[in-house]
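Below is the sequence, then the predicted model.
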Amino acid sequence: AHPKSIPNGDKVIDPSGNPWPGVGHERSYGGGTLNPFGLDFKEAGYRWTQDLCRKDSDCDGLSNGEELGDPLCQWSQDSGELPQFDVGITHPGIADVERSTAASGASMKLDTCANFTEDDLPSDYISTSFVMPSYEVPSERTTYTKFAMKVDDGE
């Protein structure tokens, strides 16, 4: 019974889009075994802390704060303020990292907590790094930013 102790605790959904009010539990409606986020939340004394916010409990490449709408880790239960975002909330205890390749039709899962290297990717993948300019995200409900890029296909 801790949904108000985390940002957007009442808006969490599973990877299939179903509500998951028991955020820290293996069962959607709570009780029983804790999932990875639940274990980390317990370790944090059932409080939303900077460390818990920055952690990626489910190893899917997004911090708990990013998944719960507090990417800058500024929300607190006592502030009475809304988290930075309240849409696009995902589950911090269930990884949703299935990727499919159009070329091969194959499906694979990437665990960002493992010692991942580009050698683990299918040979038809191309790796590109981007450096984005810094910009301040306003505190409005949702913010969209567009970046135009020209990418050389290497041919």
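Good, I have the coordinates. Numbers count the residues shown, from 1 in each chain.

quick one, what contacts the closest residue in space to Tyr29 that isn't next to it in sequence?
Nearest in space to Tyr29, with sequence neighbours left out and distances taken as CB to CB, 6 or more residues apart in numbering, is Gly22 at 5.0 Å. Any C-beta I mention is one placed from the backbone N, CA and C, and that applies to glycine too. For Gly22, the contact set (CB atoms under 8 Å, 6 or more residues apart in numbering) comprises Ser28, Tyr29, Gly30, Gly31.

Check Ser5 too.
Phe41, Tyr46, Arg47, Trp48, Gln77.

what about burial for the residues you listed, which qualify?
Those of the contacts of Ser5 that meet the buried threshold are Phe41, Trp48, by 16 or more other CB atoms under 10 Å.

Give me the subset of the contacts of Ser5 lying in helices.
Residues from the contacts of Ser5 lying in helices, with DSSP state H as the criterion: Phe41.

all strands of this protein, in order?
All strands of the chain, identified by DSSP state E, fall at 98-100, 107-109.

and those strands, which one's lowest on average pLDDT?
When these are compared on mean pLDDT, strand 98-100 scores lowest, with a mean of 34.

picking that back up, closest to Gly69 among the contacts of Ser5?
Trp48 (11.6 Å; CB to CB).

isn't that closest one right next to Ile6, touching?
Yes - Trp48 lies in contact with Ile6 (CB atoms under 8 Å); the separation is 5.2 Å.

which non-adjacent residue is nearest Pro7?
In space, and not counting its chain neighbours, Pro7 is closest to Pro83: 3.7 Å by CB to CB, 6+ apart.

Point to the helix or strand of the protein where mean pLDDT is at its lowest.
One helix or strand of the chain scores below all others by mean pLDDT, DSSP states H and E: strand 98-100, with a mean of 34.

if we can go back for a sec, what about the residue nearest to Pro7, how many residues close to it?
Neighbour count for Pro83, taken as other CB atoms under 10 Å: 23.

Show the contacting residues for it.
Taking CB under 8 Å, 6+ apart, one finds Pro7, Asn8, Leu68, Gly69, Asp70, Trp75 in contact with Pro83.
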